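*Asks:* Output the structure for:
(one chain, ligands or ions: 1)
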Amino acid sequence: MVIALQILFVLALIILIILFVFRISRTKRTSQLPENYKELLTDYVKFYRQLDEEGKEKFEKRADHFLSAVKITGVNAIVEDIDRLLIAAGAIIPVYSIADWQYINLHEVLVYPGAFNADFDQGGSDRDIAGMVGSGALQHVMVITKWQLRQGFINSNDAHNTAIHQFVHLIDKMDGTMDGVPEIILERKYVTGWRQMMETTITQMRNYGSDIDMYGSTNTTEFFAVISEYFFEQPGSLKANHPELYEMLERIYKTGI
Ligand SMILES: [Zn+2]
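*Replies:* Just a heads-up that it's a prediction; the model follows:
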């Protein structure tokens with residue numbers, strides 16, 4: 001009788017411990033994604049829409065992880081669920097095929113409303129007004145404007161996406177220099193070839209114009225960000241118009257594997 005009671009007591013204790021641990025692990029794993037994230041991602045993010053179910057789940061997990069690691073703060077702007085989700089999407093799209101990628105050089109994204117004059121054009125030399133990657137005191141901070149962030153995803157066929165542009169700058173910066181050569185992900189044997197390809201294309205753009213946004217001809221840093229927007233927004237056109245650039249970007253972003 002006493003033994004039976006002891007067994008019962010031990011069993012009850014084990015059940016209590018299991019319940020307790022389960023509760024802790026559940027409260028610890030709260031999602032950073034808004035409740036209707038599937039709907040929002042499907043409506044606004046073409047890249048996500050084109051993934052299969054398994055791919056979508058991977059994308060969601062990575063977006064959730066990004067949002068739990070990086071603070072997003074509005075500066076005179078209300079940051080809505082859709083803004084947080086689009087920032088996460090801009091972060092994940094370029095590194096989607098790179099396993100275990102972490103933006104260790106980013107702690108916070110500041111969201112500005114984006115008060116531009118009516119004739120502000122996303123193309124052209126003022127392009128980086130739309131966002132920037134911090135340096136000096138703003139190290140580890142990205143600035144992005146809400147208006148441009150949303151436009152980048154709403155117009156998904158124009159080869160422009162400010163969030164992708166800024167995250168590509170961060171990827172480029174990870175090796176210590178922002179120069180258009182992301183040495184952290186590009187195999188060494190391709191570095192010289194990639195640099196030459198960028199310089200040749202920039203010269204051609206300056207001399208003859210191009211279907212690539214002319215802001216990319218500013219320097220190799222901007223070229224890499226601009227051509228990456230093209231690569232992720234209109235891969236078919238880039239492949240048809242610039243097969244060599246396309247092939248090299250596939251190597252960089254590991255998308256061809
Ligand atoms: Zn830029």
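
*Asks:* going forward, measure contacts and count neighbours with C-alpha atoms only.
*Replies:* Fine.

*Asks:* Check the gap between the closest residue to residue 140 other than its chain neighbours and residue 201 for me.
*Replies:* Spatial nearest neighbour of residue 140, chain neighbours left out: residue 106 (4.3 Å); criterion: Cα to Cα, 6 or more residues apart in numbering. In this view, residue 106 and residue 201 are 30 Å apart by Cα to Cα, to the nearest Å.

*Asks:* Let me see the contact set for the residue nearest to residue 140.
*Replies:* Neighbour list for residue 106: 70, 140-142, 170 [criterion: Cα atoms under 8 Å, 6 or more residues apart in numbering].

*Asks:* Three-state assignment for it, please.
*Replies:* coil (DSSP: H, G, I helix; E, B strand; the rest coil).

*Asks:* for it, phi and psi?
*Replies:* Recorded main-chain torsions at residue 106 are phi -130, psi 120, according to degrees, to the nearest 10.

*Asks:* Let's see the pLDDT reported for it.
*Replies:* In this prediction, residue 106 carries a pLDDT score of 94.

*Asks:* got it, and residue 5?
*Replies:* According to the per-residue confidence, residue 5 scores 72 in pLDDT.

*Asks:* before we move on, what about the one 10 residues further on?
*Replies:* Here the pLDDT value assigned to residue 15 is 71.

*Asks:* what packs against the helix or strand hosting residue 249?
*Replies:* Mapping residue 249 onto the secondary structure by DSSP states H and E places it in helix 243-253. Applying 3 or more Cα pairs under 8 Å, 6 or more residues apart in numbering; DSSP states H and E, one finds that helix 243-253 makes contact with helix 220-233, helix 235-241.

*Asks:* Output those as CSV; include the columns distance to residue 160.
*Replies:* Rendered in CSV, the data for these read as follows (distance: least, Cα to Cα, whole Å):
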stretch, distance to residue 160
helix 220-233, 6
helix 235-241, 12
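
*Asks:* can the ones you listed go into a markdown table with extra columns for mean pLDDT?
*Replies:* Written out in a markdown table, the entries for these read as follows (pLDDT from 0 to 100):
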| stretch | mean pLDDT |
| --- | --- |
| helix 220-233 | 97 |
| helix 235-241 | 96 |
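
*Asks:* most neighbours per residue, which of those?
*Replies:* helix 220-233 (a mean of 24; mean count of other Cα atoms under 10 Å).

*Asks:* report the angle between the axes of that helix and helix 243-253?
*Replies:* Inter-element angle recorded for helix 220-233 and helix 243-253: 90 degrees (by axes from the mean of the first three to the mean of the last three Cα atoms, to 10 degrees).
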